[in-house]
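**Student:** Here is my input, please return the structure:
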Amino acid sequence: MTVIGDPGQSAPGLRPLAALIDDLARFDHPSLRPYEPGSYAVSAREGVLPGGCRSWPFKESPAESVFAPRTLPGDSLRDWPTGTSPASVCAGDKTYVVTFRPLLPGERP
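**Tutor:** Below you'll find the predicted structure:
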């Protein structure tokens, strides 16, 4: 859902939704911390992205993540783009487009 505009200027029928959005936007609590995933699902496909490629430093080849995602520990990806931002990876004589999707606790790829 995309909400555009000032919630204070919403139509009468949408004011309860606007009030909820306003409350959520202002919500802050000292116990909140940015989520740091313990692991990531690694998906790969052969391909090239603009700007060159990174060398693949991990034990398992990215080719092993082409048909089914693999899992990597979260602390091993500190300098890699994660989420919806893919990375271009050179491994051997092939180039892969790789994504690292954060996993929730207990989730398996």
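**Student:** Now the phi/psi pair for the residue nearest to the spatial centre of the chain, please.
**Tutor:** The chain has G83 as the residue nearest its centroid, 1.5 Å off, counting by C-alpha atoms, centre = their mean. When read as degrees, to the nearest 10, the backbone of G83 gives phi 80, psi -130.
**Student:** A18 too?
**Tutor:** Torsion angles, degrees, to the nearest 10, at A18: phi -60, psi -40.
**Student:** how about it, what does it touch?
**Tutor:** Contact analysis of A18 by C-beta atoms under 8 Å, 6 or more residues apart in numbering lists P7, G8, S10. For glycine as for every other residue, the C-beta is placed from the backbone atoms N, C-alpha and C.
**Student:** Tell me the helix or strand right after the helix or strand containing A25.
**Tutor:** Taking DSSP states H and E as the criterion, A25 maps to helix 15-26. The C-terminal neighbour of helix 15-26 among helices and strands, as given by DSSP H and E, is strand 39-46.
**Student:** Other residues contacting the helix or strand just after that following strand?
**Tutor:** Once the chain leaves strand 39-46, the next helix or strand it forms, by DSSP H and E, is strand 54-55. With contacts defined as C-beta under 8 Å, 6+ apart, strand 54-55 is touched by W80, A87, S88, V89, C90, A91.
**Student:** that older thread, ok, and for the helix holding A25, which residues are buried?
**Tutor:** Residues of helix 15-26 classed as buried under the neighbour-count rule (16 or more other C-beta atoms under 10 Å) are A18.
**Student:** quick one: that helix to chain centroid distance?
**Tutor:** Going by C-alpha atoms, centre = their mean, to the nearest Å, the spacing between the C-alpha centre of helix 15-26 and its chain's C-alpha centre is 26 Å.
**Student:** before we move on, the earlier item: quick one: residues contacting the residue nearest to the centre of the chain.
**Tutor:** Contacts for G83 (C-beta under 8 Å, 6+ apart) come out as T99, F100, R101, P102.
**Student:** Just to be sure, which of those residues are found in helices?
**Tutor:** The helices, defined by DSSP state H, take in nothing from the contacts of G83.
**Student:** so can I have a markdown table of the residues you listed showing pLDDT?
**Tutor:** Formatted as a markdown table, the contacts of G83 follow (pLDDT from 0 to 100):
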| residue | pLDDT |
| --- | --- |
| T99 | 96 |
| F100 | 95 |
| R101 | 96 |
| P102 | 95 |
